[in-house]
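**Q** I'll drop the sequence and a predicted model, then ask my questions.
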Amino acid sequence: MSVPTITIADAHRHAGESVRIPGWLYNLRKSGKIVFPLLRDGTGIMQCVAVKSAVPEALFDKIKDLTQESSIIVTGKVRAEQRAPGGFEMDLEDLEVLQRVPESDPYPITPKEHGIDFLMDHRHLWLRSRRQHAILRVRHEVIRAVRDYFDSNGFTLIDTPIFTPAACEGTTSLFELNYFDEEKVYLTQSGQLYNEATAMAFGKVYCFGPTFRAERSKTRRHLTEFWMVEPEMAYATLEDVKRVAEEMIVFIVGRVLENRRPELKELERDPAKLECIQAPFPRISYDEAVKILQAKGSEIQWGGDFGGGDETLLSEGYDRPLMVDRYPSAIKAFYMQPDAERPELALGVDVLAPEGYGEVIGGGQRIHDLDLLLRRIEEHGLPKEAFNWYIDLRKFGTVPHGGFGMGIERCVTWLCGLEHVRETIAFPRMLYRTRP
RNA sequence: UCCUCAGUAGCUCAAUGGUAGAGCAUUCGGCUGUUAACCGAAGGGUUGUAGGUUCGAGUCCUACCUGAGGAGCCA
């Protein structure tokens, strides 16, 4: 008679049955004649139990001598048990050891606390911990929600290139590499310019992929390689962009609350902080933001950009994301459409997450007028030849259009209530850290 | 790139300029309901590197290396 192979996540459906679960030994608690191995299988953690008098001696000895993170396949009967974490427990009947981790070189991440440097050096193993597991499952939920939101709202996924011939935005630094020793190309820092082309072909589009910034930033909000989702819409105004950004965030938060409650609990994240993320989000202008900041004691002057502290000051007092729009054109990218009533302002919007998490979305309406775009390219000293295709978009059926970009890691950091973005991606790439 | 802080056992951290310590991990022993289990014992050190001051440096000084936090910039 063969027993079914199941996952720990499904164990509650097999109470009273004998089943087989492949996994790894998460931890082992011993008490003389009774042992409690904790099995981890990627879907959850289950406590097993073996009493010396109730199992064959060879089996008991094999369990007793297991080491942390050894790969094992357990067989036993699942039973509801109040005392077990998770509410279910397995009475062990058999154990197959695929690889026993030797004592001479034990698993380095013990159940005690560790420093961040050590954990980052062992990131490939750290991913097995409950906390990292919870964070990456929330990340997965966020990504799935993003795709579902756009897919069910008429957007077409169109991926943009990662090798690009020039800067999308002249301001930030790019990673440069040799392209067959024939020319220099750069790793993309945004798919936006290409998406403006695809939006003119498909109406509503989005891209979702890795993005690279060679900024020498060393803060809790920065990675050199991160994932960004960027929708772009033809015939869209700044107001349309703001509405979509708001709807998307509400949708994502709703999905996380619906499907990832246990993960939020593992992370000790108060779900009430997310339950209040409902439309409408507060909206203020750059002008108002500057006045608010000055009243709160910030050094900011009109015309300057917000620092990290300014973003925190602005978003405190709101329990939901704050939308700030109409920034001075001078501090924004060359492609930003000016405000018709006040041409010194750009029709851009930033979305600042609550609780001091800062900017998670940046976007706005793009310039659709050919002459204005040419003028801006010149003013910013950009090489016109490299933008010929982009300029074409204003020559052949140009329309008002806009979109935004959302950094996935910053969003996950906020939703999980984390201190640092580095835990929201499996293998973070940061200034001074490219390994493992 | 700049500013601040840190580097001592495998890990997390102590140690007034005067003998290098603890908890966890590992090994051995004990324990029939543990929840980062607990109790007892043992092994484990070129104090990041190179100089300097001093009778004497983990501790003070200089440079460098590595990491962390922050700034600017950004999602």
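**A** Looks like it arrived, so ask away.
**Q** how is chain A carved up into domains?
**A** Domain segmentation of chain A under automatic domain parsing yields A:8-99, A:124-424.
**Q** among these, which is nearest A:I109?
**A** Taking C-beta to C-beta, domain A:124-424 is the member of the domains of chain A nearest to A:I109, at 5.5 Å. C-beta coordinates here come from the backbone N, C-alpha and C atoms, glycine included.
**Q** what are the pairing partners of the one helix or strand A:Y327 maps to, and which direction each?
**A** Per DSSP states H and E: A:Y327 is located in strand A:322-328. Strands adjacent to strand A:322-328 in the sheet, as given by DSSP bridges, are strand A:283-285 (parallel), strand A:345-353 (antiparallel).
**Q** Now tabulate the domains of chain A in JSON lines and tack on mean neighbour count, distance to A:L431 and mean pLDDT.
**A** Below are the domains of chain A laid out as JSON lines (neighbours: other C-beta atoms under 10 Å; distance: least, C-beta to C-beta, whole Å; pLDDT from 0 to 100):
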{"stretch": "domain A:8-99", "mean neighbour count": "17", "distance to A:L431": "31", "mean pLDDT": "93"}
{"stretch": "domain A:124-424", "mean neighbour count": "18", "distance to A:L431": "5", "mean pLDDT": "92"}
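**Q** Now render these as TSV, adding distance to RNA strand B.
**A** Converted to TSV, those look like this (distance: least, C-beta to the nearest atom of the strand, whole Å):
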stretch	distance to RNA strand B
domain A:8-99	2
domain A:124-424	3
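**Q** just the strands in the stretch 1-150 of chain A please.
**A** Using DSSP state E, counting those that start in this stretch, the strands of the stretch 1-150 of chain A run over A:18-30, A:34-40, A:45-51, A:71-80, A:88-99.
**Q** could you dump the ones you listed to a markdown table with distance to A:P321?
**A** Formatted as a markdown table, the strands of the stretch 1-150 of chain A follow (distance: least, C-beta to C-beta, whole Å):
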| stretch | distance to A:P321 |
| --- | --- |
| strand A:18-30 | 37 |
| strand A:34-40 | 36 |
| strand A:45-51 | 34 |
| strand A:71-80 | 42 |
| strand A:88-99 | 39 |
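**Q** Could you count how many residues lie near whichever residue of the stretch 101-250 of chain A sits closest to RNA strand B?
**A** Nearest to RNA strand B, among the residues of the stretch 101-250 of chain A, is A:G115, at 2.5 Å (C-beta to the nearest atom of the strand). A count of neighbours around A:G115, defined by other C-beta atoms under 10 Å, yields 8.
**Q** if I look at it, how far off is A:V421?
**A** Separation of A:G115 from A:V421 (C-beta to C-beta, to the nearest Å) stands at 18 Å.
**Q** go on, A:V229?
**A** The gap separating A:V229 from A:V421 is 16 Å, by C-beta to C-beta.
**Q** Then A:V146?
**A** Applying C-beta to C-beta, the value for A:V146 to A:V421 is 17 Å.
**Q** A:L257: which element?
**A** helix A:238-259.
**Q** Now find how far off-centre that helix is within its chain.
**A** Relative to its parent chain, helix A:238-259 has a centroid offset of 15 Å by C-alpha atoms, centre = their mean, to the nearest Å.
**Q** just stretch A:78-86 next, same as before
**A** 33 Å.
**Q** Can you get me the start-to-end distance on it?
**A** With C-alpha to C-alpha, to the nearest Å as the measure, stretch A:78-86 spans 12 Å from end to end.
**Q** So for A:V51, which of the strands paired with strand A:322-328 sits nearest?
**A** Nearest to A:V51, of all the strands paired with strand A:322-328, is strand A:345-353, at 50.6 Å by C-beta to C-beta.
**Q** CA atoms of that closest one as PDB?
**A** The C-alpha trace of strand A:345-353 is given here as PDB (Å, rounded to 0.1, in the frame of the first residue of the first chain):
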ATOM      1  CA  LEU A 345       5.100  73.400 -13.800                       C
ATOM      2  CA  ALA A 346       5.200  69.900 -15.100                       C
ATOM      3  CA  LEU A 347       2.200  67.600 -15.100                       C
ATOM      4  CA  GLY A 348       4.000  64.900 -13.100                       C
ATOM      5  CA  VAL A 349       2.900  63.100 -10.000                       C
ATOM      6  CA  ASP A 350       4.700  61.200  -7.200                       C
ATOM      7  CA  VAL A 351       2.900  58.800  -4.900                       C
ATOM      8  CA  LEU A 352       4.300  58.800  -1.400                       C
ATOM      9  CA  ALA A 353       3.500  55.700   0.700                       C
END
